[in-house]
Structure formats: structure tokens, C-alpha cells
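In: My questions are about this predicted structure, shown below with the sequence.
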Amino acid sequence: MEKIWLKRYPEGMPETIDPEHYNSLLEVFEKSFSDYTDLPAFTNMGKTMSYDEIDTATKKVASYIQNDLGLKKGDKVAVMMPNLLQTPVTILGVLRAGCVVVNVNPLYTVRELEHQLKDSDTTAIFILANFADTLEKSLAHTDVKHIVVTQVGDMVGGLKRHIVNFVVKHIKKMVPKFNLPNTIKFSDVLAADEAKYTRPEMSLSDLAFLQYTGGTTGVSKGAMLSHGNMVGNLEQVSGCLDKVLNRGEEVVVTALPLYHIFALTANCLTFMKYGGLNILITNPRDMPGFVKELGQHNFTAITGVNTLFNGLLNTPGFAELNFSHLKMSLGGGMAVQRPVAEKWQKVTGSKLMEGYGLTECSPLVTISPFDLKAYNGSIGLPAPNTDIKLILDNGEEAAKGEPGEMCVKGPQVMVGYYKRPDATAECLKDGWFATGDIATYDDEGFFFIVDRKKDMIIVSGFNVFPNEIEEVVAMHEGVLEVAAIGIPHDVSGEQVKVFVVKKDPSLTEKDIISHCRDNLTNYKVPKLVEFRDELPKTNVGKILRRALKD
């Protein structure tokens with residue numbers, strides 16, 4: 001496929017980048033530590049840490065891992081925490097020790113945690129006390145030998161640390177009882193001798209992360225992301241955003257958890273590279289608290305998923321915030337819906353750009369060009385050094401406007417799935433990664449995701465894409481959230497069912513169906529409507545159609 005999108009690149013956006021600009025991720029943040037020493041790097045719960053303080057803290061973590069735990073380069077270390085100051089400190093510390101970070105969702109069940117720790121060959125874990133009881137129940141079947149436990153307030157310092165930890169444990173009772181052998185306190189790790197730290201020799205081929213996919217089909221798999229994948233993707237991000245972001249001046253709202261690849265790359269690593277400040281939001285589900293926190297900062301960028309932006313827009317007080325500094329709003333992780341994007345731009349004055357990425361691609365593949373005036377329904381243009389082709393079921397390339405499965409090639413594409421050569425061979429051929437997403441492209445090279453291949457609904461032989469149905473239903477002013485699925489039907493094979501969370505209590509099934517009749521061709525109109533108080537979501541707010549189907 002000819003790279004027609006290069007002609008549409010904004011002025012100043014490079015067609016290519018150097019994916020080997022740095023020898024490893026370590027070089028990327030070491031440069032930030034020396035360039036931005038006194039600037040603020042991360043803030044959470046009223047405590048801000050400078051680049052210099054992060055440099056020291058991460059060296060201590062690395063020193064402890066090397067000297068006290070005796071771990072070697074390439075050993076796997078799990079990190080199981082929400083967004084706290086401890087999280088970037090631990091992730092960067094593990095990398096600085098030359099070890100591989102295994103990011104773990106703190107909300108995992110015993111079964112899910114056991115699978116991931118066992119599958120990844122993890123030998124050490126840094127975990128928030130709130131989730132230690134889950135670890136206790138899954139430990140017996142894993143190879144974990146070292147357990148470092150932290151409490152919520154451990155890095156806020158002073159008297160506040162003790163107050164926060166007391167309240168979380170004894171007043172809010174958020175720490176279930178647990179009994180784990182030989183646990184190490186995070187405060188002991190931070191007391192390590194940084195002078196004993198030995199910088200490992202790292203190369204781009206070394207593994208940086210084992211990033212587990214959501215496991216929507218079967219068990220979750222560990223995408224092997226090398227230092228080369230991550231450095232390449234950070235250079236690609238810079239190619240896309242260099243004309244937007246100013247070094248040492250940016251403040252980004254980090255509401256998505258850092259154990260998710262989107263926030264890890266787009267927020268933590270990218271904004272560190274630019275000398276920016278990450279505002280870590282520990283519990284974005286507390287929308288009033290989230291809005292209150294936003295009111296305390298002159299934030300210049302925010303990333304999130306559609307449900308997060310929609311939630312903010314529907315939270316009292318959000319529209320009254322000061323958006324005069326906001327210059328970049330980036331949606332990803334799931335489709336951004338037009339009604340949400342248009343309302344976001346109206347309320348904040350900032351266009352909601354859409355990006356597209358996958359765990360297996362570190363994650364960025366495409367992004368809205370910075371000169372786009374408003375949301376255009378696309379996932380943007382491919383990042384520099386990214387090849388894309390759309391493949392039909394017969395193996396041929398799709399023509400312009402024709403839907404095909406998106407396949408991606410570039411420095412950001414993973415090495416493969418950990419210990420799963422069969423699964424790797426299935427989706428990775430000659431460097432091309434088959435995403436499982438169906439897309440089209442237009443004259444300028446803008447790509448449009450039609451839907452997930454496996455979520456497609458087939459009604460009487462016609463392909464119906466849930467994204468389209470959801471976008472139309474979301475246009476109704478009485479709707480807060482919606483999800484569409486296909487359910488079996490004797491005559492048509494499948495029929496469309498929508499699950500709706502109401503904004504207007506008087507909304508009826510009839511209202512939804514007549515609205516859809518006005519906006520959709522007959523076979524796409526939902527035959528069934530079910531109202532719910534809430535929809536099942538992943539920890540980052542992505543709606544789980546699969547759970548609704550089950």
C-alpha cells in the first residue's frame with residue numbers, strides 16, 4: 001500500500017524517525033534527569049517530586065533489587081499498584097536494575113493474578129497492601145520469592161504519610177487482612193544505598209516490559225516489548241507531537257492507570273521525555289474528587305478513554321474549570337464517539353484527538369494530526385515509520401473505502417508473545433502484526449476503525465458493526481452510555497441488542513428504537529433494548545461487550 005498519508009502530514013511532522021536514537025529506555029530517562037533536574041515530574045495526593053528526586057528514588061529501588069534481592073538482568077519483577085508516586089518510581093527502578101517489568105492490574109482476581117505471575121516467571125513483586133490478600137491466595141502456585149509491600153501514603157512524607165495510611169487501613173477499612181511470608185517494606189527499599197547501584201549494559205534487543213493483553217479470548221498473553229520497541233515508539237510519538245509539546249512546560253492529567261500501556265507510554269514516558277509533570281489520579285472513578293483535583297492545576301494535556309471524557313462532561317463543576325492552558329486532549333483504548341468529541345470541544349475549547357494503538361504495538365500506531373481543526377471520526381494518520389495494510393478475508397489488500405483487517409509493521413511491533421510461539425506465529429508474519437481490527441481509509445490516508453473483527457454482528461448476511469450502532473444511540477440526549485452486541489436469532493442468524501444507561505429517567509425502549517430508525521438502515525436497527533444502571537467495564541473504563549454477551 002502506497003503511503004498516501006505522508007502527503008497529509010502537517011508541516012514540521014517528519015516522515016521518518018530514528019528508532020535507534022537511544023540505546024535503551026534508560027538513556028531516555030537519564031537524559032531527562034540531567035536536563036530537567038529541578039522541574040516537577042510527578043504529583044499525587046498533594047505531594048510533588050522533582051526529576052532529581054525521582055532519579056534518586058529510582059536508583060535506590062534499582063540498588064535494592066540488585067544488591068538486597070540479588071536479581072539479575074532479565075529477571076521478571078511484577079508491579080501491582082494504582083497511580084501513586086510509588087508506581088513510576090518502582091517501574092523506572094526495575095528498568096534501571098536491568099530487569100523486566102510485569103505490569104499487573106490491581107483489580108485482578110486470584111485466578112487472573114496466579115496465571116500472570118506463573119506465566120511470566122515473575123520472581124519478585126511490588127504490591128499495594130490493599131491487594132496483598134489476593135496475592136496471598138495465589139502465591140503457592142507461583143515462583144515469587146520476594147514481596148515488597150507499600151501502603152497508599154508511603155511517599156507523601158511526614159506526618160501526612162501516617163495519617164493517610166491509618167485512615168485507609170482503619171477508618172476506610174480498605175486493606176483486607178493478609179498473611180504473607182517475609183514481606184519487605186517499601187520504606188526499607190527507599191532506604192537502600194544508591195551508591196551500590198550498578199548501571200547494567202542494556203541494548204535495544206533487551207526486554208523492557210511483559211505487558212499482558214486483556215485476554216478477551218482465552219487467557220491473557222504477555223506481549224514482549226523490548227527497549228527497542230519502546231524507544232522506537234517514543235520517537236514516533238515525538239514525531240507526531242513535537243510541534244505541540246514544549247519541553248519543560250507541559251502538565252498532563254494521568255487518570256488511566258500506568259500499568260496500562262496507553263498511560264505508560266503516552267503519559268509517563270512521553271511527558272518525562274519532554275520534562276513535563278504527570279498529575280497521577282489514583283481513583284478516577286470518584287468523578288467529583290477528580291474534578292476537584294483538576295481545579296488545582298493548569299493542565300495542558302489530558303488522555304483517556306471515551307467513557308472517561310463522557311463521565312467528566314457529565315460531572316457537575318467540570319464545565320466551570322479553567323481550560324485556557326489545555327492544548328491536547330487525546331482519546332484511545334476504545335472508539336471516541338462523535339457526540340462526546342463534539343461536546344468536549346464545545347466545553348473545553350480543545351479538540352478531542354483520537355489515537356489508535358495496541359498493547360502489541362507499544363502502543364501507538366496512528367494519531368490525529370495536530371493541525372486537524374475538529375474531530376473527524378478517524379483514528380488519524382499512521383505515525384512516522386509505520387506501515388499499514390488492510391487485508392480482505394481472501395488474503396488480498398483492500399481498496400480505498402473497503403473494510404479489511406488492519407495489519408501493522410514498524411519499530412513499535414512487539415517481539416512476540418512470551419512462551420507462545422503458536423500464538424505469535426498466528427498474528428505476526430514477516431514483521432506484519434494482524435490487529436484483529438477492521439478498518440477503512442480515505443483519499444488522504446486517514447484511517448477509520450469499523451470495529452473488532454470478533455465483535456462484528458451478522459444480520460441476514462449483512463455485516464453490522466457495534467461501534468456504528470453505539471455512536472447513533474449515544475447521539476440521543478437521554479442516553480449516558482451504550483453498548484451493542486449481537487444475539488442469536490432463528491431467522492436472521494443474529495439480531496442487534498443494545499444495553500443503555502439512562503441520563504433521562506423517562507427514556508423508553510420505544511424512544512431508542514425510533515431514534516435508531518431515523519438514523520440507521522433497517523437491518524441495523526436494534527430489536528432489543530435493555531436498560532442497566534451501569535455497564536461492565538475494564539479497569540480503564542473500556543466497555544466489555546464480551547461480558548454482556550456472556
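Out: It's in. Numbering: from 1, shown residues only.

In: what's next to stretch 192-203, contact-wise?
Out: For stretch 192-203, the external contacting residues (CB atoms under 8 Å, 6 or more residues apart in numbering) are 23-26, 56, 59-64, 66-68, 73, 96-98, 227. Yep, even glycine has a C-beta here, placed from its N, CA and C like the rest.

In: again, only this time at 10 Å
Out: Residues outside stretch 192-203 that contact it (CB atoms under 10 Å, 6 or more residues apart in numbering): 22-27, 30, 55-68, 72-74, 93, 95-99, 206, 208, 226-228.

In: List only buried entries from the residues you listed.
Out: 22-26, 55, 57-66, 93, 95-99, 206, 208, 226-228 (16 or more other CB atoms under 10 Å).

In: Give me the subset of the residues you listed lying in strands.
Out: With strands taken from DSSP state E, the overlap with those comprises 208, 226.

In: Can you give me the distance of residue 518 to residue 119?
Out: Distance of residue 518 to residue 119, given as CB to CB, to the nearest Å: 49 Å.

In: just residue 409 next, same as before
Out: 27 Å.

In: Next: residue 507.
Out: 44 Å.

In: show me where the stretch 401-550 of the chain has helices.
Out: Secondary structure of the stretch 401-550 of the chain by DSSP state H, counting those that start in this stretch: the helices cover 421-427, 466-474, 509-519, 545-549.

In: can I get those in a markdown table with mean neighbour count, distance to residue 443 and mean pLDDT?
Out: Shown next, in a markdown table, are these (neighbours: other CB atoms under 10 Å; distance: least, CB to CB, whole Å; pLDDT from 0 to 100):
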| stretch | mean neighbour count | distance to residue 443 | mean pLDDT |
| --- | --- | --- | --- |
| helix 421-427 | 13 | 29 | 94 |
| helix 466-474 | 22 | 21 | 92 |
| helix 509-519 | 15 | 25 | 95 |
| helix 545-549 | 16 | 31 | 91 |
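
In: Residue 370: which of those is closest?
Out: Closest to residue 370 of these, according to CB to CB: helix 466-474, at 24.2 Å.

In: Now do the closest one: which elements does it pack against?
Out: helix 306-313, helix 338-348, strand 447-452, strand 479-489, strand 493-502, helix 509-519 (3 or more CB pairs under 10 Å, 6 or more residues apart in numbering; DSSP states H and E).

In: the inter-axis angle of it versus helix 509-519?
Out: Put simply, helix 466-474 runs at 120 degrees to helix 509-519, going by axes from the mean of the first three to the mean of the last three CA atoms, to 10 degrees.

In: Quick one, which of the helices of the stretch 401-550 of the chain gets closest to residue 146.
Out: helix 421-427 (29.3 Å).

In: other SSEs contacting that closest one?
Out: strand 416-417, strand 432-441.

In: list the buried ones in stretch 167-187?
Out: In stretch 167-187, counting by 16+ other CB under 10 Å, buried: 168, 169, 175, 178, 180, 183, 184, 186.

In: Check for me that the first one belongs to a strand.
Out: No - the assignment for residue 168, made by DSSP: H, G, I helix; E, B strand; the rest coil, is helix rather than a strand.

In: pLDDT below threshold where in the stretch 201-350 of the chain?
Out: Scanning the stretch 201-350 of the chain for pLDDT under 70 picks out 214-218.

In: same thing but at 80, please
Out: Along the stretch 201-350 of the chain, the model assigns pLDDT under 80 to residues 214-219, 334.

In: dump the residue contacts of the residue lying farthest from the centre of the chain.
Out: Distance from the C-alpha centroid of the chain, by CA atoms, centre = their mean, peaks at residue 491 (39.9 Å). Neighbouring residues of residue 491 by CB under 10 Å, 6+ apart: 459, 460.
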